[in-house]
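J.: Need coordinates for the below:
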Amino acid sequence: MEALILSCSTGGGHNAAGQAITDELNLRGWTTHFFDPYTLISQKTADRVGNAYVNLVRFSPALFGDVYEIGELYQKAEKAFGLPDPVLQVQAKAAKALYQWLEANPVDIVICTQPYPGLMLTWLQNKGLQVPSSIMVPTDYTCIPFECDVKTTWMTLPYPALAGEFQKAGVAASRLIPTGIPINPVFSKPLTKEEAAKNTALDPDLRYILIGGGSMGTHGIFEILEQLEPLLHTDPSLHALVLCGSNQGLEEQIQAMHLSQVTALGFTHQIVDYLHASSVFITKPGGLSITEACACKTPLLLSNPIPGCETQNALFFEKHHLAHYARTLADIRPMVQDILNQPQRSSSKPSWFASNTQRLANWIECAVLLNSHPETS
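T.: You can find the predicted model right below:
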């Protein structure tokens, strides 16, 4: 069996979800193709699309929030007055290139982890062109603007409780499959705190506060450290770990502060170990990062969301008791204290998250097998 997985570099989560699906299908013996469809036009085009989003949320997050809100309002008007989807219309050139690729490389199914590729397939269908069975995989805990205009064969639900929201947005219930946001299976493997501490050369007797800004930057890190300082000062068993990723400047700034209870971590492939070793994870609510933390059952404190989908992620996780949500910096210290004082309650995440990728892969295999063996009268 053969699958095409499509993503775009508009945030690391889309690519991470696509890679998780690709890896799982490869393990099952599938032939897979995974790429950004804009590269079929040119790498420059793909970079332009990705960088436009990255730069907007990094340097003007409030403006991104305004654009997101405008998108929500337009989508309501679109449904009420039959207006055209502007995001769909601009996919024509990439859609034509994708169709040529599919003609030359037939596959059993197409999986999209970002709405733009899904809208390319929709554009082709609207033109009466035949495309393979397809699945749209949302990577946030909300139906983002124009996602409901994606007319793939099926659309996954990030969490079962979101069925009503997606149906209200216009996605037929018959198309929705509750498989969750796919993540690397390594986050689903059981690991004790002691094992994780050994893997990362950490002291298993300390309680670690893990702090991350996500793939889009490190907004608010120093403000968070300032809020945590009184806790660290009064409790020698606490230690803060700051995930700096590839931001060498941030890493050097933290190191220059010479704080005995704060460690700056550079780029690492051991995120899963640090999650299991930590008593709380403070992060902005990106869809993939909070799903990974839930799979590890690491207590979550969400802060500094990018206005728009990340705000919705935080509200959804708070509503369903999957995380604390710090709306202000002043909320961080008491919420961390609450999590540390009640570790069992804070880490009681549903095991549902741990099987997201396998659940989706099982569904994909069943769908392809059913399509290849249709019922005969």
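
J.: Now name the helix or strand holding the nearest residue to residue 9 once chain neighbours are set aside.
T.: Of all residues not flanking residue 9 in the chain, residue 50 sits nearest, at 3.3 Å (C-beta to C-beta, 6 or more residues apart in numbering). For every residue, glycine as well, the C-beta is placed using N, CA and C. Remark: residue 50 resides in helix 43-59, with elements defined by DSSP states H and E.

J.: helices or strands next to that helix in the packing?
T.: Counting contacts by 3 or more C-beta pairs under 8 Å, 6 or more residues apart in numbering; DSSP states H and E, helix 43-59 is packed against helix 61-81.

J.: Tell me which other helices or strands the helix it packs on touches.
T.: Under the contact rule (3+ C-beta pairs under 8 Å, 6+ apart), helix 61-81 is packed against helix 43-59.

J.: Centre of the chain to the helix holding residue 50, how far?
T.: 17 Å (C-alpha atoms, centre = their mean, to the nearest Å).

J.: mind listing what the residue lying closest to residue 210 once chain neighbours are set aside touches?
T.: Nearest residue to residue 210, sequence neighbours excluded (C-beta to C-beta, 6+ apart): residue 278, at 4.0 Å. The contact partners of residue 278, taken as C-beta atoms under 8 Å, 6 or more residues apart in numbering, are 208, 209, 210, 241, 298.

J.: which one of these sits closest to residue 165?
T.: residue 298 (25.9 Å; C-beta to C-beta).

J.: I figured the closest one was touching residue 280, is that so?
T.: Yes. Taking C-beta atoms under 8 Å as the definition, residue 298 is a contact partner of residue 280 at 7.4 Å.

J.: Give the intersection of the neighbour lists for the two.
T.: Common neighbours of residue 298 and residue 280 (C-beta under 8 Å, 6+ apart) are residue 210.

J.: Can you give me the domain assignment for this structure?
T.: 2-182+355-372, 185-346 (automatic domain parsing).

J.: Could you save the ones you listed as JSON lines and add columns showing mean pLDDT?
T.: Shown next, in JSON lines, are these (pLDDT from 0 to 100):
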{"stretch": "domain 2-182+355-372", "mean pLDDT": "91"}
{"stretch": "domain 185-346", "mean pLDDT": "91"}
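
J.: returning to what we had before: residue 336: which of the contacts of residue 278 is nearest?
T.: residue 209 (6.5 Å).

J.: and the closest one, what helix or strand is that in?
T.: strand 207-212.

J.: which helices and strands does that strand pack with?
T.: Strand 207-212 packs on helix 221-234, strand 238-245, helix 271-277, strand 278-283, going by 3+ C-beta pairs under 8 Å, 6+ apart.

J.: So what touches the helix holding residue 50?
T.: 8-11, 36, 38-39, 63-64, 67, 94, 116, 216-217, 306.

J.: repeat that for 10 Å
T.: 8-12, 14-15, 35-42, 63-65, 67-68, 93-94, 97, 114, 116, 214-219, 306-308, 310 (C-beta atoms under 10 Å, 6 or more residues apart in numbering).

J.: Quick one: work out the angle between the strand holding residue 209 and helix 221-234.
T.: 170 degrees (axes from the mean of the first three to the mean of the last three C-alpha atoms, to 10 degrees).

J.: If I take strand 207-212 and strand 238-245, what angle do their directions form?
T.: Using the same axes, to 10 degrees, strand 207-212 lies at 20 degrees relative to strand 238-245.

J.: and stretch 261-268, how far out from the chain's middle?
T.: On C-alpha atoms, centre = their mean, the centre of stretch 261-268 falls 22 Å from that of its chain.

J.: okay, it in CSV with CA atoms only?
T.: What follows is the C-alpha trace of stretch 261-268 in CSV, where atoms were taken according to Å, rounded to 0.1, in the frame of the first residue of the first chain:
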residue,chain,number,x,y,z
GLN,A,261,18.7,26.3,40.1
VAL,A,262,18.2,27.0,36.4
THR,A,263,19.7,25.1,33.5
ALA,A,264,19.5,26.1,29.8
LEU,A,265,19.1,23.1,27.4
GLY,A,266,20.2,23.5,23.8
PHE,A,267,18.7,21.5,20.9
THR,A,268,18.0,18.0,22.1
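
J.: Buried residues of it, list them for me.
T.: 261, 262, 264, 265 (16 or more other C-beta atoms under 10 Å).

J.: Give me the distance between the residue lying closest to residue 309 once chain neighbours are set aside and residue 354.
T.: Spatial nearest neighbour of residue 309, excluding adjacent residues (C-beta to C-beta, 6+ apart): residue 140 at 4.3 Å. Counting by C-beta to C-beta, to the nearest Å, the gap between residue 140 and residue 354 amounts to 19 Å.

J.: gap between the helix or strand encompassing residue 253 and the chain center?
T.: Under the criterion of DSSP H and E, residue 253 resides in helix 248-256. Chain-centre distance of helix 248-256: 26 Å, with C-alpha atoms, centre = their mean.

J.: Sweet, I'm off.
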